[in-house]
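Peer 1: Sequence isn't available, so here's the structure alone:
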């Protein structure tokens, strides 16, 4: 695979214009195809085989005139007047609305039976049935609806749109969030690379990949129901991952440019090493997202496909488009102070090397070159005498994974070296001088991050206990998590559907926003009059029921519909209790086949199925990650340790979600003005995403620690070397991803806010407390036992060579088995 990735990177860099134009054609072509043949996004909370699903199917079969897209026009009269005083204007508004395209029927409040006018006469609503999902209707249609209800507004009435009518032109606008995330990411990348070109490459590739993924999702929406949050999730995850992967590719490419101006070779090498890690990490995320099919729910499965497509396009761009940009950029990808070649002296006269330009800090330079002299300048080796290599001028510091093998064997041509002792290899620098070994490079071993790793390793128990305690304390609110639904009542008060929701609750009771629908079926030719009368009476007598509508019987007299209005709102736990009471205690006593459906009942089924399947998803993803890490590092202990650490960070993120959105801690800072229940699919989606992303940092860190251990046989020193070599990139990549995620809290959809906050917190905790404290402390406590694997398991597991070198020699593995 490494050879293939190297050839791919070399080809894309050499023929960069062909690749870039091909991507342009692909993205534009997909966008055009999506505009012509793309489908609409529909939130389908159907739970296959559930009682609500069966009841909905009976309505569709026996009541074909009953629309599944029912909206409301809600009217409020000024103080001191009533809606009835302006009945003519209201009726005219409904007559105008009935003429609009996609409207099946529009019934005035005064034509309803009984009239839907509040007791004090100040609030009224009528129903509007549509033949398509109103999520697909945009601003122009909203203008037509505004014109239709203009007579009522001219008469002094307030008009708001509820239910399906409130979803017109309600599509989420992610552009502000995307702009904020991209701008901040650019600033961070520029500060890291000190090059506009290097900072732009990951961002441009991210835009290409996200636009392509969104168009593919739109095309698939014509064949399969994708939820309205699907594109947003794909954008949220795609941008974060794309910038992350671009950072790794560009950093590795700049590192390899120290030897010459062979940009094609550098791009090939970056694609071979960083590309392999990207392939493994990205594939893990994709598999985790596709694991959402375990839920058996179309809504969640579609979200998983959306996210997986976003990551897949990101991987494709990282492995093809970024090498093309690197081949095109030439010297401009370097830091601005390093683009000039050193001046050549007269023939035969040695020119002193350019003085080094160290960066602030103790870590290795972001542009360390292979075989470069001080200062990282290009050009032939010169007779300058012994060279004292400054920090950051190593031969093979690898961001995404080091160039040495997992077994610590030297690269061809570098010689055995003596890294375990002095940290230098002979004959690998200019003119045969000694150069720092890539594994035990002084900048890795003596930098600030390495000193931190050494400190934690010397005091593992206090730091391990403290880190676990912090994560567990943050997780505590998870105990009180309340799964529930979100409805227009959770939208901002500036939205028309929220105002309509509040008006209906005020005028007709909170239960009017979420009626329950009882569906009865009986044999053809029977007289159901007595049955329906007794059923209506029984339902009216139940606690928690505000009112019951008269039965609606189909023309064939084989089915009937009775609407039950609860005394509590859709998000109230008492309403869920009523759903269970009717299903378990009341409907079974009715001598007919019965179902309880409706939006509230359907979401109750949805939540129950999601909560039931969540443990299975967690188990599947944990087992997957355990197998992957055990295979990569030939250590069962490392796999178990990583799984437990990831569970701690995800659990802490869950706790933060509960504290912010349920308890309201800081909720006002992100535009949430009330306590919210947590949709059951949010923890499920977040777990799959975050667990997959955390594998990226785990592989990166542990590969360096493992290599150093096999090279030095010293666990504490290996931890320091691993952290010293990786902490800067892990911290930077995590910071960029956190910024991208946090930028999406500006989205008005509470679900997106929850995902953004949860994912940002999880990545932040994973890159800081878990990777910088807990992992080194645990490794120090375990010592050599950290690399234990049963012999039988080692024999049956395949060899996964992440770094492109041969696996460790058997005798090295036997030493710690």
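Peer 2: Yes, it's here. As the structure is a computational prediction, the values presented were derived from the model and not from experiment.

Peer 1: show me what contacts residue 52?
Peer 2: Contacts for residue 52 (Cβ atoms under 8 Å, 6 or more residues apart in numbering) come out as 595-598, 601-602, 604-605. Heads up, the C-betas are built off the backbone N, CA and C, glycines and all.

Peer 1: and if you look at residue 37?
Peer 2: If you count contacts by Cβ under 8 Å, 6+ apart, then residue 37 has 219, 222 around it.

Peer 1: As a markdown table, the contacts of residue 52 with neighbour count and secondary structure would be great.
Peer 2: As requested, the contacts of residue 52 are exported to a markdown table (neighbours: other Cβ atoms under 10 Å; DSSP: H, G, I helix; E, B strand; the rest coil):
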| residue | neighbour count | secondary structure |
| --- | --- | --- |
| 595 | 22 | strand |
| 596 | 25 | strand |
| 597 | 23 | strand |
| 598 | 21 | coil |
| 601 | 30 | helix |
| 602 | 23 | helix |
| 604 | 25 | helix |
| 605 | 23 | helix |
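
Peer 1: Pull the most distant pair out of those residues.
Peer 2: Between any two of the contacts of residue 52, the greatest separation by Cβ to Cβ is 13.2 Å, found for 595 and 604.

Peer 1: So what are the structural domains in the protein, by residue number?
Peer 2: 65-167, 176-337, 515-597, 613-815 (automatic domain parsing).

Peer 1: okay if I get those as TSV plus distance to residue 23 and mean pLDDT?
Peer 2: Listed next are the domains of the chain as TSV, based on distance: least, Cβ to Cβ, whole Å; pLDDT from 0 to 100:
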stretch	distance to residue 23	mean pLDDT
domain 65-167	29	91
domain 176-337	5	87
domain 515-597	45	91
domain 613-815	21	84
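
Peer 1: closest one to residue 450 among the ones you listed?
Peer 2: domain 613-815 (3.1 Å).

Peer 1: what's the offset of that closest one from the middle of its chain?
Peer 2: 15 Å (Cα atoms, centre = their mean, to the nearest Å).

Peer 1: can you check stretch 3-10 too?
Peer 2: The answer for stretch 3-10 is 29 Å, by Cα atoms, centre = their mean.

Peer 1: likewise stretch 547-556?
Peer 2: 45 Å.

Peer 1: likewise stretch 494-511?
Peer 2: Centre to centre, stretch against its chain (Cα atoms, centre = their mean), the figure for stretch 494-511 is 32 Å.

Peer 1: Just the buried residues of that stretch, please?
Peer 2: 495-505, 507-511 (16 or more other Cβ atoms under 10 Å).

Peer 1: What is the nearest of the residues you listed to residue 133?
Peer 2: Taking those together and measuring to residue 133 by Cβ to Cβ, the closest member is residue 497, at 14.5 Å.

Peer 1: Am I right that the closest one falls within a helix?
Peer 2: Yes: under DSSP: H, G, I helix; E, B strand; the rest coil, residue 497 sits within a helix.

Peer 1: How about the contacts made by it?
Peer 2: Counting by Cβ under 8 Å, 6+ apart, residue 497 has contacts 160-163, 165-167, 170, 488, 491.

Peer 1: ranges for the strands of the stretch 1-150 of the chain?
Peer 2: 69-76, 103-107, 123-130 (DSSP state E, counting those that start in this stretch).

Peer 1: Which neighbours in the sheet does the second one have, and how are they oriented?
Peer 2: This means strand 103-107. With DSSP bridges as the test, strand 103-107 is paired with strand 123-130 (antiparallel).

Peer 1: what's the angle from the partner strand to strand 69-76?
Peer 2: Interaxial angle of strand 123-130 relative to strand 69-76 (axes from the mean of the first three to the mean of the last three Cα atoms, to 10 degrees): 160 degrees.

Peer 1: Contacts for strand 123-130 next, please.
Peer 2: Outside strand 123-130, the residues within contact range by Cβ under 8 Å, 6+ apart are 67, 69-77, 83-84, 90, 94, 97, 102-112, 115-118, 162, 164-165, 500, 503-504, 506-508.

Peer 1: so what's residue 198 up against?
Peer 2: With Cβ under 8 Å, 6+ apart, residue 198 has these contacts: 189, 250, 254, 329, 333-335.

Peer 1: Relative to the whole chain's centre, how far out is the helix or strand encompassing it?
Peer 2: Using DSSP states H and E, residue 198 maps to helix 196-220. Its chain's average C-alpha position is 15 Å from that of helix 196-220, according to Cα atoms, centre = their mean.

Peer 1: That one: which residues count as buried?
Peer 2: 197-220.

Peer 1: How many residues are close by residue 118?
Peer 2: As a burial measure, residue 118 scores 20 neighbours (other Cβ atoms under 10 Å).

Peer 1: From what I see, residue 470 and residue 769 are in contact.
Peer 2: Yes: at 6.3 Å, residue 470 counts as touching residue 769 under the criterion of Cβ atoms under 8 Å.

Peer 1: Who has more neighbours out of these two?
Peer 2: More neighbours surround residue 769 than the other of residue 470 and residue 769, with 22 against 16 (other Cβ under 10 Å).

Peer 1: Taking the centroid of the chain, which residue is nearest it?
Peer 2: Central residue of the chain (Cα atoms, centre = their mean): residue 237, 4.0 Å from the mean position.

Peer 1: and it, what does it touch?
Peer 2: 285, 307, 310-311, 689.

Peer 1: Who are the contact partners of residue 676?
Peer 2: 484, 486, 490, 661-662, 750.

Peer 1: Need the residues you listed in TSV (columns: secondary structure).
Peer 2: Compiled in TSV, the contacts of residue 676 are given as follows (three-state DSSP):
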residue	secondary structure
484	coil
486	coil
490	helix
661	helix
662	helix
750	helix
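
Peer 1: Relative to residue 579, which of those is nearest.
Peer 2: residue 484 (12.4 Å).

Peer 1: Over to the nearest residue to residue 188 once chain neighbours are set aside. Which of the three states is it?
Peer 2: Among residues not flanking residue 188 along the chain, residue 736 sits closest, at 5.5 Å (Cβ to Cβ, 6 or more residues apart in numbering). With three-state DSSP as the basis, residue 736 sits in helix.

Peer 1: hang on, isn't residue 736 packed against residue 247?
Peer 2: Yes: at 6.8 Å, residue 736 and residue 247 qualify as touching, with contact defined as Cβ under 8 Å.

Peer 1: related to what we said a few turns ago, so which two of the contacts of residue 237 are the farthest from each other?
Peer 2: Top of the distance list for the contacts of residue 237 (Cβ to Cβ): 310 and 689, 10.4 Å.

Peer 1: What separation do you get for the residue nearest to the centre of the chain and residue 731?
Peer 2: Noted for residue 237: a distance of 20 Å to residue 731, by Cβ to Cβ, to the nearest Å.

Peer 1: ranges for the strands of the chain?
Peer 2: Using DSSP state E, the strands of the chain run over 69-76, 103-107, 123-130, 158-163, 424-425, 435-436, 516-521, 545-548, 552-553, 559-566, 593-597.

Peer 1: Now render those strands as CSV, adding distance to residue 51.
Peer 2: As requested, these are arranged in CSV below (distance: least, Cβ to Cβ, whole Å):
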stretch, distance to residue 51
strand 69-76, 21
strand 103-107, 27
strand 123-130, 24
strand 158-163, 22
strand 424-425, 70
strand 435-436, 68
strand 516-521, 9
strand 545-548, 18
strand 552-553, 19
strand 559-566, 14
strand 593-597, 5
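
Peer 1: tell me the most buried of these?
Peer 2: Mean neighbour count (mean count of other Cβ atoms under 10 Å) peaks for strand 435-436 among these, with a mean of 28.

Peer 1: burial count for the closest residue to residue 696 other than its chain neighbours?
Peer 2: Among residues not flanking residue 696 along the chain, residue 281 sits closest, at 3.9 Å (Cβ to Cβ, 6+ apart). Number of residues near residue 281 (other Cβ under 10 Å) recorded here: 28.
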